[in-house]
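> Need a 3D model of the sequence below.
(chains A, B and C)
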Amino acid sequence: MAFGKKKDDREKETYMKMSPKVFLLYLVIIVFCIIVISPLVIVFSSSLRTPENQTTPLALFIEFSGASYKRAFTNMNYLMELVNSIMTTVGSVFCIVIFATMAAYPIGRIKSKFARFLYFFFISGLIIPSQMVIVPIAQTMNRLGVPNTRFTPMIMFITCSLPFSVFLFSGFMKSVPVEIEESAYIDGATLRVRFFNIVFPLLKPAIVSCVITQGLWIWNDYFYPMVFISKKAQYSLPVGMLQFLGDKENPAQWNVLFAACVLCALPLICVFLALQKQFVNGIAAGAVKG
Amino acid sequence: MNKKLTSLLLTGAMALSMASGAVVAHAEEEGYDHQAIENAGDITITMMVSGTATDNDFETEQLPALIKEKWPNVTLEVTKLPDDNYYTSLKTKLASGECPDIILTQPMYAGQNACYAMAEAGYLVPLNDMDSIKDRIDTMQAVTYDGDVVVATTGVSILGCYYNKDLFAEAGIESVPATWDEFLEACQKLQDAGIQPIVMGDKDQYVLQFGLYQIAANEIYPQNPDFDVQLRSGDTSFTDEGTWDKVLEMYKTLYDNKYIDASQSLGYGASQAITDFIDGKAAMTFDGSFNATALTAEGAAGAFERGYFPIPGTDGVYTATCLSAGESIYSGSKYIDECKELLDYWMDGESPVWDAYLATGRIIPTYGNGADSIPNYDLFKPFIDLLNEGKAFYWCNQAWPAGTETEMEVLFSEMVGGQGTEVEDIVEGMQDKFEDLLED
Amino acid sequence: MKKKKKAAAFNSLVFTKRMYLFLIPAMAFFLVFWIYPVLQLFYYSITNFNGINYDFDFVGLKNYSKVLSNGTLTNSLKNTLIYAVCTVALNNLIGLAIAMVLNTKLRAKGFFRTCAYFPALFSAIVVGFIWSYVYMPSQGMIASLINLFGGNGAAFNPLGNFRTALYAIALVEVWKGFGTSMIIYLAGLQTVDESLLEAGRIDGCTEWQLIRKIKLPLISSTITINVILAVIAGLKAFDYSFIMTNGGPGKSTKTLMFQVYETAFTDQKMGRASAFSVLAFAFIILVTVFMLYFLNKREVEL
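Numbering: from 1, shown residues only, chains lettered A, B, ... in the order given. Predicted structure coming up:
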């Protein structure tokens, strides 16, 4: 694992003694964090005001009202969009993990020019942006008779996640000892058993990493759902946010807009705060191992 | 305003009917199945429009509810997307064969949902047999392709100049300017009184059209109503002296004198400009009738009195008023007759849907009940009068291939943003782009 | 040597070609919904397809010559490169610097890390909204701050200025992206063996020398991956031009992807947009390969 030397013994850690240098370090990091986080703080503070109160946004947390949230909540049809987002993200990520680990198995294990070619073949997908290919993709859907349902964007999420995920898993595959499989082979295990019972569980750190990075992307993407969903009842959260696009420069609508922003990000924030360690390790593992 | 108005409508569009062929080509046929919905069982009709949804939005909230009331077996699913996203969605949905049954399209060649382009590709159903359309086909050239009306449009849209009557009085301006010089004078008076004359949200570059098309309606089309037709045949050019160079030069004057402050406007979004206007921070803004609701709302400056006038020309006033965008039926729809029935009910001029539609305050219908008593009628009156006198021309981009206006906007922003672009560069750029777009 | 050969033989016995069957689901998706559409793009690039009407003609290489000659490519390429260089540089410098600070024995490290990573959680569209507000003249966050300190907030207009708009949206990308780089760097730095640093200190190295001579060389592969990821993201820049500036003012924030999008959708020149895309692919591949080559070489040198 990338976070190799599990520095979990935080309690035992000895902190640096205060000195001018250390003080400066604290100062720098604190100021930096304030700058980074300040737009979010103001957005949060404004979202807690009533929709009508737009005066002095810099006066933080002077009012606590749920009115803006209430309006954003109903405007967005929040619960429905939330459920759609969860379904789309979970469903896509599940498929990605299965398909990409399976694909990475031969690519990471077989040492041949062909396997090498496949590796680069998949990775090449990383550099092509989806905006370019969207019309041909839509035509392909048409030819195959795929109707616009909530599953259509999932097809694209799965497809677009493959390059990175295959890259990640085939890189990680190297750290799964070949010997285990060799002995399993001698014991007569079939390929399927070897993969699902032995290799797959050992890929867990990479799977966590894949779930987090791709889940984050899929949760936040608005492009595919916008293009491939016709029914409002199937909208995900970011697509719901699009209807506020005209409000972004309209101070009269800010508080509601900001409440919508918070609502849109809230589920992810909760997950992040609850699983912070997995998040951090997952993101790091993905990059460093890959 | 009904009959008289519509018959005089769009002299320009008439001239530009080369794509529309004979005016009323298809004789009245059998008509469509008026029992389609009744016999259909439970159906879901989908509709997609562009715009920003408001509270209790007509398209997304009231319309589906009213349709449900009329026909409990019909569920109308309406999606409203911001313009750019609407265009992208529309195109991909057409490509994937999953286009909604009812879509919003624009007259002639305007925009990426231009009805001529869509009809040429065979995506739009002819609507000549609709009850709400068959009697006024001759007024609908701008949405008639090859003899078929393809857009169910209900009225006109206006471009004009909203102004704050209180601020005008404060600056000592007694009457609405009737010539360009008077207009400049008024701006100067406002500026001298310490009032920002005009606010624009040029960060959304499309708003540049609002002023420019009005000036073009005054300076180009009265002299040559066929200017755009001749553009296509090569007899005229954007670079012709005394045409677009004049229009752009005139509009530029407003920036040169800081009546519009480019350093501010280029970073202002369209809705921020509207907010500034209703907050009383500027005396005027150029905008369309479609934004009337937002522009007449109460802001920080309270309920001051607002007026709306056409930007006057060097000699005489014409208005940039044209048929508005409307609903079309997708040719791949499974419910073509049902959609016609639905649209007929909506646009029959008397149904509850019609009333709710007019109540939005952004519709200027050319027929039907309440056409003379629409909200904001007083605001629109000067334009309607001009229209009735035949002093109205369409919006330029309706005659251009989509993309020409974008080039104009970009180059104009560059000019007022101090990038060294000159008027002659703009007209050349527009001409190049126009030819380029027309090429294939 | 012999042992190795034997192992290889055994290896191919265990890992037979039948394993390729595992590729089927992923390959099916990838071929049908990605490779095939991309190939179609190549096909469209030699037609005058307008995106709506499927009754189109072949026009040979005209689209390519048009794209190369009409100036849109040069402008968008320039903007994209500036954008990419800014985001790559700032993302990595800030990410690395913060990671280094957080890799020391500070109190409340976890809290700072959370703060720095937080922006990465937000959807591009939400980020676009938030920063439209931050940058807005006269009433926006920065403008309000300027007003508060007696300045003229109305004059603060980064998105309305031809010279600053591109940098302003690049900064938004950095704000959202540096946290991810930071976390990856942090992981890289934690693999640096403490005893090496200790040895360096005993030898009297300054902190800067420790960074330059020990830390950076040891995390060179992390640097490579971070830079490459940022380069790819930078070259694909689209979201903030689309959400915040719509390419303006003028053409100053039109990136490659934005230009492709506009050619395809506004100008309705799907054929030309496809030719544009093909050229853009070629360019992105070239840059990525070059970067990989360059960075790998550096990795070895370090």
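
> Next secondary structure after the helix or strand where B:Leu387 lies?
For B:Leu387, the element it lies in under DSSP states H and E is helix B:377-388. Secondary structure here is assigned by DSSP H and E; on that basis, the next helix or strand after helix B:377-388 toward the C-terminus is strand B:392-393.

> so what's the residue nearest to C:Met27 when sequence neighbours are not counted up against?
In this structure, C:Met27 finds its nearest non-sequential neighbour in A:Ala103, 6.9 Å apart by CB to CB, 6 or more residues apart in numbering or on different chains. Yep, even glycine has a C-beta here, placed from its N, CA and C like the rest. In this structure, A:Ala103 makes contact with A:Phe122, A:Leu162, A:Val166, A:Phe169, C:Phe22, C:Leu23, C:Pro25, C:Ala26, C:Met27, judged by CB atoms under 8 Å, 6 or more residues apart in numbering or on different chains.

> which strands and helices sit next to the host helix or strand of the second one?
In other words, A:Leu162. Secondary structure assignment for A:Leu162, by DSSP H and E: helix A:151-173. Counting contacts by 3 or more CB pairs under 8 Å, 6 or more residues apart in numbering or on different chains; DSSP states H and E, the secondary-structure elements packed against helix A:151-173 are helix A:78-109, helix A:113-123, helix A:130-144, helix A:204-220, helix A:223-228, helix A:276-289, helix C:24-30.

> Is there contact, residue-wise, from stretch B:111-121 to chain C?
Yes: Stretch B:111-121 comes into contact with chain C (CB under 8 Å from any CB of the partner chain), by way of B:Gln112, B:Ala117, B:Met118, B:Glu120, B:Ala121.

> Quickly run through the sheet partners of the longest strand seen in chain B, with directions.
Taking residue count as the measure and DSSP state E as the definition, the longest strand of chain B comes out as strand B:155-164. Listed by DSSP bridges, the sheet partners of strand B:155-164 and their directions read strand B:282-288 (antiparallel), strand B:306-309 (antiparallel), strand B:319-323 (antiparallel), strand B:364-365 (antiparallel).

> Now B:Asp166. Its backbone dihedrals?
Torsion angles at B:Asp166 (phi, psi; degrees, to the nearest 10) stand at phi -60, psi -50.

> Just the element for the closest residue to it other than its chain neighbours, please.
Counting by CB to CB, 6+ apart, the nearest residue to B:Asp166 once its immediate chain neighbours are dropped is B:Phe304, at 4.6 Å. Per DSSP H and E, B:Phe304 falls between elements, in no helix or strand.

> wait, B:Phe304 sits on B:Gly280?
Yes: with contacts defined as CB atoms under 8 Å, B:Phe304 counts as touching B:Gly280 at a distance of 6.3 Å.

> Distance of A:Asn281 relative to B:Asn128?
For A:Asn281, the distance to B:Asn128 (CB to CB, to the nearest Å) stands at 66 Å.

> List the contacts of C:Val59.
Taking CB under 8 Å, 6+ apart as the criterion, C:Val59 is in contact with B:Asp440, C:Ile46, C:Thr47, C:Asn48, C:Gly271.

> any chance of those in JSON lines, plus neighbour count, secondary structure and distance to A:Pro136?
Formatted as JSON lines, the entries for those read as follows, by neighbours: other CB atoms under 10 Å in any protein chain shown; DSSP: H, G, I helix; E, B strand; the rest coil; distance: CB to CB, whole Å:
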{"residue": "B:Asp440", "neighbour count": "17", "secondary structure": "coil", "distance to A:Pro136": "19"}
{"residue": "C:Ile46", "neighbour count": "19", "secondary structure": "coil", "distance to A:Pro136": "14"}
{"residue": "C:Thr47", "neighbour count": "20", "secondary structure": "strand", "distance to A:Pro136": "12"}
{"residue": "C:Asn48", "neighbour count": "18", "secondary structure": "coil", "distance to A:Pro136": "16"}
{"residue": "C:Gly271", "neighbour count": "27", "secondary structure": "helix", "distance to A:Pro136": "12"}
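
> which pair in those spans the largest distance?
B:Asp440 and C:Ile46 (12.4 Å; CB to CB).

> what touches both of these two?
Taking CB under 8 Å, 6+ apart as the contact rule, B:Asp440 and C:Ile46 both touch C:Val59, C:Gly271.

> sorry, back to before: most tightly packed of the strands paired with strand B:155-164?
Stretch with highest mean neighbour count among these: strand B:319-323 (a mean of 28; mean count of other CB atoms under 10 Å in any protein chain shown).

> Can you pull the poorly scored residue ranges out of the stretch 201-302 of chain C?
Low-confidence regions of the stretch 201-302 of chain C, defined by pLDDT under 70, span residues C:299-302.

> Which residues of it lie near chain B?
Among all residues of the stretch 201-302 of chain C, those adjacent to chain B (criterion: CB under 8 Å from any CB) are C:242, C:245-251, C:261-262, C:265-269, C:271.

> can you rerun that using 6 Å?
Residues of the stretch 201-302 of chain C lying close to chain B by CB under 6 Å from any CB of the partner chain are C:Gly248, C:Pro249, C:Gly250, C:Lys251, C:Phe265, C:Thr266, C:Asp267.
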